[in-house]
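Chemist: build me a model:
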Amino acid sequence: MKRSFTTVVAALAKRSKADSQNTLKFLTHATKSTTISSLFGKSGTDAVHVQKVVDLLNNELPDGENHRKRVNAHYDILMSRLKQVVEKSIAQTGVEDVVSKSQHLSIQDRVSKCLSSEQLYALLLELQVSNKISTAALTKIILNKNFSHLSQVRENLPGFSHELELAAMLAHRLRGQEAVTLYKDYTDRWTSQWHNLAPVVRKLIWKCDHRVLGISGVFERSAKIGGLNASDLMGLYQALCSVAHQLPHPQSIQLTKMQSLFIESLRALSLHKSHSGDANKRCLAAVRTSIENRIYYDTAEDKGTSVYQYRFLRQLDNLLQLSTRDPGVSEEARLALTRVLDSLHREEELARSQMVVKFI
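Modeler: Predicted coordinates:
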């Protein structure tokens, strides 16, 4: 009440002398109560003074209507800037009919036609404004090596669709404290929505875990999401192939034979990595062939050996053979590679026999 009284007196001092004196007399009258609750029980002439007091007190409060108008103005400015960016991009790439034709192109084609980060950013904003943005589109734009408008996207992150997935892509691309801060802001939300995230996004998060917290961060995430299933394990090994021998071992996870061979091969190749500069390239090559031959999507229900699976076996065999012939390989790594090769050759023989039977 003391603070309110001070506020009212200060405001009254700025008004006309007669009005100020009458209202001050009303407030300071010795025989009348001047608590806030008592003021609202007045009537007649007193009610006029009460209304003046209320108006003066309310004058110190924030104006909700003005705040709403200010937010709307900011929104209008943002949309105006988005329009300017898109129009500028149109002007740089040619006449407007180029834009109409581009609407029929795939996202990959439209991205390939962007010659600068600014054009990629304009495409990103266009897709967002037109509500055509997708995880695939975000991946092609944000992970594009020419895209450098990372901070601009980071500043407006909550306004984009697929916020969690976009945050993971930015955390993967950014470096330094900005990347760490973004990681900490979103890591719990990634965990809570883990099984709703696209596989490519989960791989990026595994990479961020390892970069920020090391191998302990990977195990921590694994525990928080309730353990790993086959798809999680495949994604984890594909993402962190160079440290595969340190990753959780698939002891209680049901994998197909091809998936097991892939993981055991990576564990052996990554063990070799510390002793040979070419080993990391072979780890990446093993991941590439697993993706090209769709090993990630194998299921236990699949019967026989497909062309993809047989091609995967042959390519993996060549990679392992190269590693065993590397003079820089340690004895431990050589033994691990030999064990995987024995299993792989048995599987190859079985696959060949099945394929022969199919052709008879």
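Chemist: can we go C-alpha only for contacts and neighbour counts from here?
Modeler: Noted.
Chemist: mean confidence for the helix or strand harbouring residue 190?
Modeler: Using DSSP states H and E, the element containing residue 190 is helix 176-192. The average pLDDT within helix 176-192 is 95.
Chemist: show residues contacting it.
Modeler: 164, 167-168, 170-173, 197, 208, 212, 221, 224-225 (C-alpha atoms under 8 Å, 6 or more residues apart in numbering).
Chemist: what's the following helix or strand past it packed up against?
Modeler: Where DSSP H and E defines the elements, the next helix or strand beyond helix 176-192 is helix 199-213. In terms of contacts (3 or more C-alpha pairs under 8 Å, 6 or more residues apart in numbering; DSSP states H and E), helix 199-213 is packed against helix 163-173, helix 215-224, helix 230-239.
Chemist: apply 6 Å and report the result again.
Modeler: Counting contacts by 3 or more C-alpha pairs under 6 Å, 6 or more residues apart in numbering; DSSP states H and E, helix 199-213 is packed against no other helix or strand.
Chemist: need the residues that contact it.
Modeler: For helix 199-213, the surrounding residues in contact (C-alpha atoms under 6 Å, 6 or more residues apart in numbering) are 217-218, 235, 239.
Chemist: mind showing which ranges of the stretch 151-300 of the chain have poor pLDDT?
Modeler: The model of the stretch 151-300 of the chain has pLDDT under 70 over residues 272-277.
Chemist: try 80 this time
Modeler: Within the stretch 151-300 of the chain, the set of residues satisfying pLDDT under 80 comprises 250-252, 272-279, 299-300.
Chemist: near residue 200, how many other residues are there?
Modeler: Number of residues near residue 200 (other C-alpha atoms under 10 Å) recorded here: 16.
Chemist: burial count for residue 106?
Modeler: 11.
Chemist: same thing with residue 182?
Modeler: Residue 182: 17 surrounding residues under other C-alpha under 10 Å.
Chemist: ok, now residue 223?
Modeler: 11.
Chemist: kindly report the same for residue 179.
Modeler: 19.
Chemist: just the one 4 residues further on next, same as before
Modeler: Burial measure for residue 183: 21 neighbouring residues, criterion other C-alpha under 10 Å.
Chemist: residue 144 too?
Modeler: Neighbour count for residue 144, taken as other C-alpha under 10 Å: 15.
Chemist: what distance do you get for it to residue 204?
Modeler: 14 Å (C-alpha to C-alpha, to the nearest Å).
Chemist: now the helix holding residue 190: buried residues?
Modeler: 179-180, 182-183, 186-187, 190-191 (16 or more other C-alpha atoms under 10 Å).
Chemist: what's the pLDDT at residue 316?
Modeler: On pLDDT, residue 316 comes in at 94.
Chemist: and it, what element?
Modeler: Assigned by DSSP H and E, residue 316 falls within helix 307-324.
Chemist: just checking, what packs against that helix?
Modeler: Partner elements for helix 307-324 (3+ C-alpha pairs under 6 Å, 6+ apart): none found.
Chemist: next, the angle helix 307-324 makes with the next helix or strand after it.
Modeler: Heading C-terminal from helix 307-324, the first helix or strand you meet, by DSSP H and E, is helix 331-359. Taking axes from the mean of the first three to the mean of the last three C-alpha atoms, to 10 degrees, one finds that helix 331-359 is oriented at 150 degrees with respect to helix 307-324.
Chemist: I'd like the buried residues of helix 176-192 as TSV, with distance to residue 120 appended.
Modeler: Conversion of the buried residues of helix 176-192 to TSV gives the following (distance: C-alpha to C-alpha, whole Å):
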residue	distance to residue 120
179	21
180	25
182	22
183	24
186	25
187	27
190	26
191	29
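Chemist: mind listing what's buried along the helix holding residue 316?
Modeler: 309-313, 316-317, 319-320, 323-324.
Chemist: how about residues contacting that helix?
Modeler: In this structure, residues lying in contact with helix 307-324 by C-alpha under 6 Å, 6+ apart are 293, 334.
Chemist: distance check, residue 201 against residue 114.
Modeler: Distance from residue 201 to residue 114, counting by C-alpha to C-alpha: 23 Å.
Chemist: give me the more crowded residue out of those two.
Modeler: residue 201 (22 against 19).
Chemist: please report the distance of that one from residue 259.
Modeler: From residue 201 over to residue 259 (counting by C-alpha to C-alpha), the distance is 20 Å.
Chemist: also residue 353?
Modeler: From residue 353 to residue 259 the distance is 20 Å (C-alpha to C-alpha).
Chemist: more neighbours: those two, which one.
Modeler: Per other C-alpha under 10 Å, whichever of residue 353 and residue 259 has more neighbours is residue 259, with 21 against 12.
Chemist: re the thing from before, just the buried residues out of the contacts of helix 176-192, in ChimeraX syntax.
Modeler: Buried residues among those (16+ other C-alpha under 10 Å), as a ChimeraX selection:
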select :164,167,168,170,171,172,173,208,212,221
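Chemist: okay, the contacts of helix 176-192 in JSON lines with distance to residue 291 next?
Modeler: Formatted as JSON lines, the contacts of helix 176-192 follow (distance: C-alpha to C-alpha, whole Å):
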{"residue": "164", "distance to residue 291": "24"}
{"residue": "167", "distance to residue 291": "24"}
{"residue": "168", "distance to residue 291": "21"}
{"residue": "170", "distance to residue 291": "23"}
{"residue": "171", "distance to residue 291": "24"}
{"residue": "172", "distance to residue 291": "20"}
{"residue": "173", "distance to residue 291": "22"}
{"residue": "197", "distance to residue 291": "19"}
{"residue": "208", "distance to residue 291": "21"}
{"residue": "212", "distance to residue 291": "26"}
{"residue": "221", "distance to residue 291": "24"}
{"residue": "224", "distance to residue 291": "27"}
{"residue": "225", "distance to residue 291": "24"}
